[in-house]
Each structure stands twice: as C-alpha cells, then as structure tokens.
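Peer 1: Predicted coordinates and the sequence they were generated for:
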There are 2 protein chains.
Amino acid sequence: MNRFSFNQATARDWPVPDLLAGCAAAGVRWVGLWREQVAEYGLERTVKAVQANGLAVSTLCRGGFFTTGDWYPSNRRAIDEAAALGAPVLVLVCGGLPAGRRSLDAARDQVVRAVEALAPHASAAGVRLAVEPLHPMFAADRCVVCTLAQALDIAERFDPETVGVAIDTYHVWWDDTLYRQIARAAGRIAIFQLADWATPLPAGALTGRAMPDAGCVELSRIWAAVDDTGYRGPVEVEIFNEDVWSWPGERALSAAVAGYQAVRVQLRAAGRVSSG
Amino acid sequence: MNRFSFNQATARDWPVPDLLAGCAAAGVRWVGLWREQVAEYGLERTVKAVQANGLAVSTLCRGGFFTTGDWYPSNRRAIDEAAALGAPVLVLVCGGLPAGRRSLDAARDQVVRAVEALAPHASAAGVRLAVEPLHPMFAADRCVVCTLAQALDIAERFDPETVGVAIDTYHVWWDDTLYRQIARAAGRIAIFQLADWATPLPAGALTGRAMPDAGCVELSRIWAAVDDTGYRGPVEVEIFNEDVWSWPGERALSAAVAGYQAVRVQLRAAGRVSSG
C-alpha cells in the first residue's frame, strides 16, 4: 500500500478532516487533494490535518483552464497552495476551446504560452506542473491536450523537474501509440492515476469512470509500462462517478483500495514486482 | 449541391421510398444508405427506387464488427448488397473489445485479419472497403480503430482501390496530427462525412452529433484538407441525434443541406473553390 494514493475526487463530498482521518485509519499514506475542497475547509487547517494524520499529499488538482479569462492569478495561487500543502505536483487540466471559438491550434498555442508563463513560479515554489492529456471526448470543453504524445510535446520544452505529465489510464488507454509514448515519458511522469473504463457513458461523459478492475482497461499492463520508465511515485485512484459519490466516504475508500489491490495482483501474476 | 450526400442515419425513421423521393425532390444526387433500413424495405425494391429517383448511392453503412461472432458471412453479404445498390463503398465500423476482454492488441489484430479475409471478395464485387476510425470514446464498444493514422496503417496493407478510409469529422477533429494524416490519406479517402461536435454529450455518447456549423469543429478547414488530397467524391452529412430523429424527414434533410451549405460558404470565404 505504500504507493496507493486516494484522490479526493473519488469521495468528493467526504469532509476533508473525515477523509484525512479515514485514510490514516485505513493505513493509506498518500492523498490527492482538490483546490475547491481545500479552500472550503481552509488551506491552513488542511495543512495541519494532513500533518496530524501523518499523510503526504501526492498531487493538488487542479490548475489549468488556460483558454478562459483569468487563468494567470488563479494558477499562481494554485502553485502556492500546492507548495503550502507539500504537494510536489500540480495537475493541469489545460482547458477546452474558448466559447464560440473553433481553432484548436490557437487554443493549443495558448496552453504552451501559459505553461511558459507559470514555469518560473512553479520552479521557485518547488512544485512540478503536470500536463495531463484528457480523453479526446473532452477536447471541446475541458482540455485541448488529447494524447500523451501531445502532452510530452509541451512538457519537453521545459526542465523535467519543472514540467512533467500526468498519466491517467482513463484518458489514454485507447491510444495505439500508448506504450511508445509512456517509454518516451521516462523522467517526466509526475503522477500516475488509475481509473477504469465502463460503458455506456453517462450524459456529459465526465462521470463514467469505474473503479480499477471494474472496466475494460489493461491497467496492469499500463502500470508495468509506467514502472518500466523508472517511476516509483504514488499511484492515485481518482474516480468521478455519481454512484460512488453517493456512498459513504469509507466505502469509496475501501473500493478504491480493493481495485488498486486487484490490479497489483495482476501485476504480480504477470511476474512483475511492484513496490506498491 | 453536386457533392452533397444525405446519409440515411440522419433521418433514421424516414421510410426508404419517402426518403429517396424526398432527396430527389430537393435536388439531392447522392444518398448514403444503411443495411437495416434497406433490408426492411427490401434490397431489390431499394435498388429500383434509387434508380427511379435518379439517385446514386455514395456508401452503404455498415460492415464491420469484426470482434464479435459471425462477422464473416454478414460482411460478405454487406459487400454483395453494396454491389447490388451500386454503392462504390462499404463503410466498416470495425468493432470494439469482445465482451469481457481487455486486449486492444488482440482486437486490432483481428480487424486486420478480417479486412484481409474480405478484401478479395470486395475487389471482385467492385466495392471499396472503407476503414473508419471512430472517436476514441467508442474504443470499448464500437471500434478499436481510434485514429486516422491507425486506419491508414491498416488500409495501406492493401490496394487503395480495394481498401480505403472513411473520414468523418466528428470522429477525428480533435487529433493534433489530423492534417498530416489527411495528407497521408491521399488516394485512400473512400468517403468524407460532415458532422459537428456539441457539448454536453448525451448518455451513451452515440447521439451527440450536431448539424454541420452547429458545433465547434473547423469543418471547412478539414474539408479543404480533404480536397487538397485530390478527393472529389461525395460529402455525406450523417447525424445521429435524438432531436433530429424526432423531426419529419424533410426537415432533417433541409437542415443537413443548410449545414452543408454553411460550411461551403466558409470554404469559399477562405478562398477555396469547391466543386460541391
């Protein structure tokens, strides 16, 4: 369990202090936190509660949305919040097309400019920016960075300690170039996230994620490829799912741990040693 | 209007004879037909009605689903039906993961084997197989061929007159390598289809298409790139949309024509001459 991280989005409505205490009680070492929930409970109180529970923060989610209005001050604050929480990584969901616009090229150029603008502050704060490719079904409204190759094209413009990539199985599993791109990402993987794909998709597509091993993704194969790059960091379980959100937090955590363990069993069955 | 083709899926419930007469009355020259509707009305009757209305069939939709059971006889029949209808193209939706399986590699290998098995019969029948990349959100349940690059990797194993690709804007618009791949597809484009992307996606994701110019896709840019390859064939409007399906057929046809014309106006405004 030493690599398992419970991403707060999985139990969205579990109050922060309960979530942190619940993780500690379950023997979890890492949590991935979200800005909205942290702000609601209070940044300083969250920092104290994380420490009091002996936890470490794997990522802060999320910065980004660079293609709309006021992205710069908001993202500077996100970097500062990550630093305050001791989160080594700020995950960037880079934003979709601006309202009424159609140029993917322009939106993608804007993402590069935004990362350029934020990199010095991130570097000074000791926070690594993680460009996250989102599934192409989110290209219009959430993220014009649609593949790991594209995320790497952006990240490779920068020092790897300052700008890396987030690999979330849910977003990248379908890609026939995936394993080549994961190998290319060696030294750039800022966080690895596990979520499974199940059909049919719900309306809006956002909340269709399934617990690890409850869908059709070759999660253990992807995990092995990520480990092959030398990545030994936390493995977050991040599930947006209306059904899971309706559960008590403890149940969501238990299910996330069970899914993670199921994938680890597959890793071992494939002869892969995992330190997780 | 000489390149406009009305794909039957846009007015799914319009009876075949009414649809064909409606297209003729509207000055439409091409129709894209679906096997289910053709079978329901009867293949021979459909052939006669197409001829009686002075129409030509741009494509028959669809063969494929190679990763499930009885694909071979069904696809041979589909080729024969296309030939009977005078359709030069059979569109292939290649199939998703078999139930309970996770190996994309195995499913993709199966697609190649199936196209290999069908190519001789298609060639003899004078029907071109069009491998259609579907949006990656359909990788699990409809099509493991997710990008134009991947479709071309398959098609390029064969004679271009026997195996080409279908380019549907809805499926490929998000791809940052799209224009490079369209150029690569020169001589392989069996059909070009226009549909726009709108959010939010409906449940199941299948019926989220919008009429051309009603969404966020740079349709005229993609069309221009397709024409730049030398493609001068029909341009189908194919919209799966519950709202459109609730309309009378004539209204769906009018909206499809209007959307097509709107994109043509953009092509012209960009200084592009289109013969369509």
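Peer 2: Perfect, I can see it now. Residues are numbered from 1 along each chain as shown, chains lettered A, B, ... in the order given.
Peer 1: For the helix or strand containing A:Ala122, enumerate the helices and strands it packs against.
Peer 2: For A:Ala122, the enclosing helix or strand under DSSP states H and E is helix A:104-125. On a contact count with 3 or more C-beta pairs under 8 Å, 6 or more residues apart in numbering or on different chains; DSSP states H and E, helix A:104-125 meets helix A:71-85, strand A:128-131, helix A:148-155, strand A:163-168. C-beta coordinates here come from the backbone N, C-alpha and C atoms, glycine included.
Peer 1: Enumerate the positions of that helix that are buried.
Peer 2: For helix A:104-125, the neighbour count (16 or more other C-beta atoms under 10 Å in any protein chain shown) marks A:104, A:107-108, A:110-112, A:114-115, A:118-119, A:121-123, A:125 as buried.
Peer 1: residue contacts, A:Phe158?
Peer 2: A:115, A:119 (C-beta atoms under 8 Å, 6 or more residues apart in numbering or on different chains).
Peer 1: What separation do you get for it and chain B?
Peer 2: Distance of A:Phe158 to chain B, computed by C-beta to the nearest C-beta, to the nearest Å: 18 Å.
Peer 1: what's the answer for A:Pro17, then?
Peer 2: 33 Å.
Peer 1: For that residue, the count of nearby residues, please.
Peer 2: 15 (other C-beta atoms under 10 Å in any protein chain shown).
Peer 1: Contact partners for it?
Peer 2: A:Pro17 touches A:41, A:45, A:49, counting by C-beta under 8 Å, 6+ apart.
Peer 1: Could you rerun that using 6 Å?
Peer 2: A:Ala49 (C-beta atoms under 6 Å, 6 or more residues apart in numbering or on different chains).
Peer 1: Go ahead and measure how far the helix holding A:Ala122 is from the middle of the chain.
Peer 2: 18 Å (C-alpha atoms, centre = their mean, to the nearest Å).
Peer 1: Please list the outside residues in contact with that helix.
Peer 2: Contacts for helix A:104-125 (C-beta under 6 Å, 6+ apart): A:66-67, A:75-76, A:79, A:83, A:94, A:97, A:129, A:144, A:154, A:158, A:162.
Peer 1: mind listing the helices for the stretch 151-276 of chain A?
Peer 2: A:169-172, A:178-184, A:219-228, A:242-245, A:249-269 (DSSP state H, counting those that start in this stretch).
Peer 1: Of those helices, which stretch is the most buried?
Peer 2: helix A:169-172 (a mean of 25; mean count of other C-beta atoms under 10 Å in any protein chain shown).
Peer 1: can you tell if it touches chain B?
Peer 2: No: Helix A:169-172 stays out of contact with chain B when judged by C-beta under 6 Å from any C-beta of the partner chain, the minimum separation being 9.3 Å.
Peer 1: can you give me the end-to-end distance of stretch A:90-107?
Peer 2: Using C-alpha to C-alpha, to the nearest Å, one end of stretch A:90-107 lies 21 Å from the other.
Peer 1: quick one: average pLDDT of it?
Peer 2: If you average the pLDDT over stretch A:90-107, you get 97.
Peer 1: Ok, stretch A:138-151 next?
Peer 2: 98.
Peer 1: near chain B, which residues of chain A?
Peer 2: Counting by C-beta under 6 Å from any C-beta, chain A sits next to chain B at A:97, A:102, A:136-137, A:139-141, A:146, A:150, A:174, A:176, A:197, A:199-205, A:216, A:218.
Peer 1: Now list the buried members of the residues you listed.
Peer 2: A:97, A:102, A:136-137, A:139-141, A:146, A:150, A:174, A:176, A:197, A:199, A:201-202, A:205, A:216, A:218.
Peer 1: I'd like the average pLDDT over stretch A:221-228.
Peer 2: Stretch A:221-228 comes out at a mean pLDDT of 98.
Peer 1: Go ahead and name everything in contact with it.
Peer 2: A:169, A:179, A:182, A:192, A:272.
Peer 1: out of the helices of the stretch 151-276 of chain A, nearest to B:Val235?
Peer 2: helix A:169-172 (31.7 Å; C-beta to C-beta).
Peer 1: How about residues contacting the closest one?
Peer 2: A:133-135, A:148, A:178, A:194-195, A:209, A:217, A:219, A:222.
Peer 1: So which one of those residues is the model least confident about?
Peer 2: A:Arg209 (95).
Peer 1: ok, how many other residues are close to it?
Peer 2: Neighbours around A:Arg209, by other C-beta under 10 Å: 27.
Peer 1: what's the answer for the one 5 residues further on, then?
Peer 2: Summarising burial for A:Ala214: neighbours were counted as other C-beta under 10 Å, giving 18.
Peer 1: which ones are touching it?
Peer 2: Contacts of A:Ala214 (C-beta under 6 Å, 6+ apart): A:Asp196.
Peer 1: end-to-end on stretch A:5-19?
Peer 2: With C-alpha to C-alpha, one end of stretch A:5-19 sits 12 Å from the other.
Peer 1: just stretch A:27-36 next, same as before
Peer 2: Note: stretch A:27-36 ends 25 Å apart using C-alpha to C-alpha.
Peer 1: any idea how far that stretch is from the chain center?
Peer 2: For stretch A:27-36, the distance to the chain centre is 11 Å (C-alpha atoms, centre = their mean).
Peer 1: Same question for stretch A:186-199.
Peer 2: 7 Å.
Peer 1: Other residues contacting that stretch?
Peer 2: A:59, A:89, A:128, A:130, A:155, A:160, A:164-170, A:209-210, A:212, A:214-217, A:219, A:226, A:229, A:231, A:235-239, B:140-141.
Peer 1: list the buried ones in it?
Peer 2: A:188-199.
Peer 1: quick one, phi psi at A:Ser5?
Peer 2: phi -130, psi 130 (degrees, to the nearest 10).
Peer 1: Which strand residues bridge it?
Peer 2: Bridge pairing for A:Ser5 (DSSP bridges) gives the partners A:Trp30, A:Glu236.
Peer 1: how far away is it from B:Asp168?
Peer 2: Relative to B:Asp168, A:Ser5 is positioned 39 Å away (criterion: C-beta to C-beta, to the nearest Å).
Peer 1: More neighbours: which of those two?
Peer 2: A:Ser5 (29 against 24).
Peer 1: Run through the residues that contact that one.
Peer 2: A:30, A:32, A:58, A:234, A:236.
Peer 1: Next, count neighbours for the fourth one.
Peer 2: So the one you mean is A:Pro234. Count around A:Pro234 with other C-beta under 10 Å applied: 25.
Peer 1: so it touches A:Trp30, yeah?
Peer 2: Yes: if you go by C-beta atoms under 6 Å, A:Pro234 and A:Trp30 touch, sitting 4.5 Å apart.
Peer 1: quick one: common contacting residues for those two?
Peer 2: In contact with both A:Pro234 and A:Trp30: A:5, A:58, using C-beta under 6 Å, 6+ apart.
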